[in-house]
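In: need a structure here:
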Amino acid sequence: MKSFTFLIPLIALLIFSACDIVDGVLGKDDDNNAVELYPVLLDGRWGYINADGAMIIEPTLQSARDFSDGLAAVRENWEWKYMNSKGEFVIEGAFQDIRSFNEGKAAIRLDGRWGYINKKGDFAVNPRFREAHSYSDGRAFVRSLDYSDYYYIDENGNEIESVNRPDDMDYIDENMFYDGRALVRDDNLYGYIDKSGNTVIDLKYSEALPFSNNLAAVRVSDRWGFIDGNGNVSINPQFISAGKFGDGLAPARKSSNQYGFIDRSGAFVIAEQFDEVRSFSEGRAPVFINNKWTFIDKEGNQITSPKFDEVEPFYNGLARVTMYVAEGEDVAEEYGYIDRSGKYIWFPTN
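Out: Numbering: from 1, shown residues only. Below you'll find the model as predicted:
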């Protein structure tokens, strides 16, 4: 295992609040309870609203991300910081870039090197990586400082090694663990490892997706099917394309140029009728019809007419939607939120 040493005096780099993180406005700032605040853009600055559309944190920020583990990554006065649900900056430092917290740790970049901090702002893993991604199941995907290797580390930053781990893992965008499995790639073939780094499903697929709802879509020859966590075929390869399961349904295309949704038996429960689709989340799935997005419920009913230029999955009962608006010769993006019935909670603004 390669080892690196890179110690940074924390006092000089990080300034943290003397107060512990406490209960939030509408949720608790801890790992088990989501903070129900949502970033909005108003007159070029970001703030946060609650689930009723009331402004809770005034729009003064240059950038704002979703709350995760009770904290939000924000940018203020050209500096990246972490904010709690009261609008207080609880972790500040000379960060060049930061990622959201997950499982109590967040990846941060200092002097060109990535490491991880905990929610007190202390280093949990010293900066010694060229790239670093979010933790999941106590594991994180990183790249060595010399660019030579991608590998997983444990909570202490130690490389996960095993006898039958893939020899030379390549970069993969969806690198988090789901259902105890991580999708890995080597020489353009995909397979899956467990938390110990063991190859539990051989790298033999030309294309594959991460596990979700304990099933994973894999391509066999020219058709997609689904396997379980042991690599056994759960749904025979029969689809031209397929996506990840969510809420017990998965996008699929079998006999046309349009998509529908299948259940865990492989049967279509929502017919192929959409130009593009994404997976279900909180009982709603984005669908693309006539060059616009909307959402459907699990019966296939649209909750609004197709009218959005871009959408994001539902998160704590709301979904962010984007509208493109002409401003002279330019096109501006306006962001809003709808609830599960399709009603605007926050009309699109920029």
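In: would you map the strands across the stretch 201-350 of the chain?
Out: For the stretch 201-350 of the chain, the strands defined by DSSP state E, counting those that start in this stretch occupy 216-220, 223-227, 233-239, 241-242, 250-253, 259-262, 268-274, 276-277, 285-289, 292-296, 310-311, 318-327, 330-339, 344-349.
In: kindly report the same for the stretch 51-200 of the chain.
Out: Ranges of strands within the stretch 51-200 of the chain are 55-61, 63-68, 71-76, 79-83, 89-93, 97-98, 105-110, 113-118, 123-132, 140-144, 150-153, 182-186, 189-193, 199-205, based on DSSP E, counting those that start in this stretch.
In: mean pLDDT, distance to Val277 and mean neighbour count added to these, as JSON lines?
Out: (Each C-beta comes from the backbone N, C-alpha and C, glycine too.) Below are those laid out as JSON lines (pLDDT from 0 to 100; distance: least, C-beta to C-beta, whole Å; neighbours: other C-beta atoms under 10 Å):
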{"stretch": "strand 55-61", "mean pLDDT": "98", "distance to Val277": "33", "mean neighbour count": "17"}
{"stretch": "strand 63-68", "mean pLDDT": "97", "distance to Val277": "22", "mean neighbour count": "19"}
{"stretch": "strand 71-76", "mean pLDDT": "98", "distance to Val277": "29", "mean neighbour count": "22"}
{"stretch": "strand 79-83", "mean pLDDT": "98", "distance to Val277": "34", "mean neighbour count": "21"}
{"stretch": "strand 89-93", "mean pLDDT": "97", "distance to Val277": "38", "mean neighbour count": "20"}
{"stretch": "strand 97-98", "mean pLDDT": "98", "distance to Val277": "32", "mean neighbour count": "17"}
{"stretch": "strand 105-110", "mean pLDDT": "98", "distance to Val277": "31", "mean neighbour count": "24"}
{"stretch": "strand 113-118", "mean pLDDT": "98", "distance to Val277": "34", "mean neighbour count": "22"}
{"stretch": "strand 123-132", "mean pLDDT": "98", "distance to Val277": "31", "mean neighbour count": "20"}
{"stretch": "strand 140-144", "mean pLDDT": "98", "distance to Val277": "27", "mean neighbour count": "22"}
{"stretch": "strand 150-153", "mean pLDDT": "98", "distance to Val277": "31", "mean neighbour count": "22"}
{"stretch": "strand 182-186", "mean pLDDT": "97", "distance to Val277": "21", "mean neighbour count": "22"}
{"stretch": "strand 189-193", "mean pLDDT": "98", "distance to Val277": "22", "mean neighbour count": "22"}
{"stretch": "strand 199-205", "mean pLDDT": "97", "distance to Val277": "22", "mean neighbour count": "18"}
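In: what about stretch 208-219, distance to the chain center?
Out: Per C-alpha atoms, centre = their mean, to the nearest Å, the displacement of stretch 208-219 from the mean C-alpha position of its chain is 16 Å.
In: can you mark which positions in stretch 203-220 are buried?
Out: 203, 205, 208-213, 215-220 (16 or more other C-beta atoms under 10 Å).
In: for Asp146, see how far away the closest residue to Ala72 other than its chain neighbours is.
Out: Nearest residue to Ala72, sequence neighbours excluded (C-beta to C-beta, 6 or more residues apart in numbering): Met83, at 5.0 Å. Going from Met83 to Asp146 by C-beta to C-beta, to the nearest Å gives 35 Å.
In: kind regards, and thank you for your time.
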